[in-house]
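# Sequence and predicted model, in that order:
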Amino acid sequence: MLLLAGCRHAAPLQPPPERLYAALDLPAVGPTPHSGGALSGKVVLVNFFATWCFPCLADLPVLTELQSRHSRDGFTVVMVGLDQERERVLAPFAEQFALPFPVLVADQAMRDGQTPFGGVSVLPTSFLLGRDGRLLMAFAGVAAPEDLSRAIRSALAR
């Protein structure tokens, strides 16, 4: 018999902020440029998606509204496309929707779950990073807009 146990008081593993930012140093497609250094000091919602994912497409108006509502306060959305066809499908997607935030092209390490964000098994999946780059929350699947907005407002108030 194998018995596995853990300490219930152990702090969750927290990747260093610089590793999270470094993982987002990916090429961008579409009308909104991206610079990894520009994320420092902002509250960032990193949204993993694919162009063929209908729930991901349903999230676009919510993400656009959050960007519009909170960008003046130091918030930004960054989408990371996990499509196997990479730029070939992500570039036309980003151009067609004219998204007001960067659309990044995941590299093989990101698609294989070999970054501090780990493996993404549900689409969409979003990670909320605080102004210091620390991971605050994760949302697997489509998150309720009210929950996202509340979490963003709380992070911005810190």
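Sure thing, it's come through.

# need the longest helix for the protein.
helix 54-70 (DSSP state H).

# and that one, how far from the chain's centre?
Averaged C-alpha coordinates place helix 54-70 at 12 Å from its chain's average position (CA atoms, centre = their mean, to the nearest Å).

# now swap in stretch 65-85 and tell me
Using CA atoms, centre = their mean, the offset of stretch 65-85 from its chain centre is 7 Å.

# tell me which element residue 47 falls in.
Assigned by DSSP states H and E, residue 47 belongs to strand 43-49.

# Sorry, wrong one. I was asking about residue 79.
Residue 79 belongs to strand 75-81, assigned by DSSP H and E.

# Would you mind pulling up the elements that that strand packs against?
With contacts taken as 3 or more CB pairs under 8 Å, 6 or more residues apart in numbering; DSSP states H and E, strand 75-81 sits against strand 43-49, helix 54-70, helix 87-97, strand 103-105, helix 145-157. Just so you know, the C-beta spots here come from the backbone N, C-alpha and C atoms, and that holds for glycine as well.

# swap the cut-off to 6 Å and go again
Identification of packing neighbours for strand 75-81 by 3 or more CB pairs under 6 Å, 6 or more residues apart in numbering; DSSP states H and E yields strand 43-49, strand 103-105.

# In a markdown table: those strands, plus mean neighbour count, distance to residue 62 and mean pLDDT.
Shown next, in a markdown table, are the helices and strands packed on strand 75-81 (neighbours: other CB atoms under 10 Å; distance: least, CB to CB, whole Å; pLDDT from 0 to 100):
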| stretch | mean neighbour count | distance to residue 62 | mean pLDDT |
| --- | --- | --- | --- |
| strand 43-49 | 25 | 10 | 97 |
| strand 103-105 | 24 | 16 | 97 |
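
# and residue 37, how many neighbours?
With neighbours defined by other CB atoms under 10 Å, the count for residue 37 comes to 8.

# Which residue is the nearest non-sequential neighbour of it?
residue 21 (8.0 Å; CB to CB, 6 or more residues apart in numbering).

# The helix or strand that contains the one you found: which residues count as buried?
Assigned by DSSP H and E, residue 21 falls within helix 17-23. Within helix 17-23, the residues scored as buried using 16 or more other CB atoms under 10 Å are 17, 20, 21, 23.
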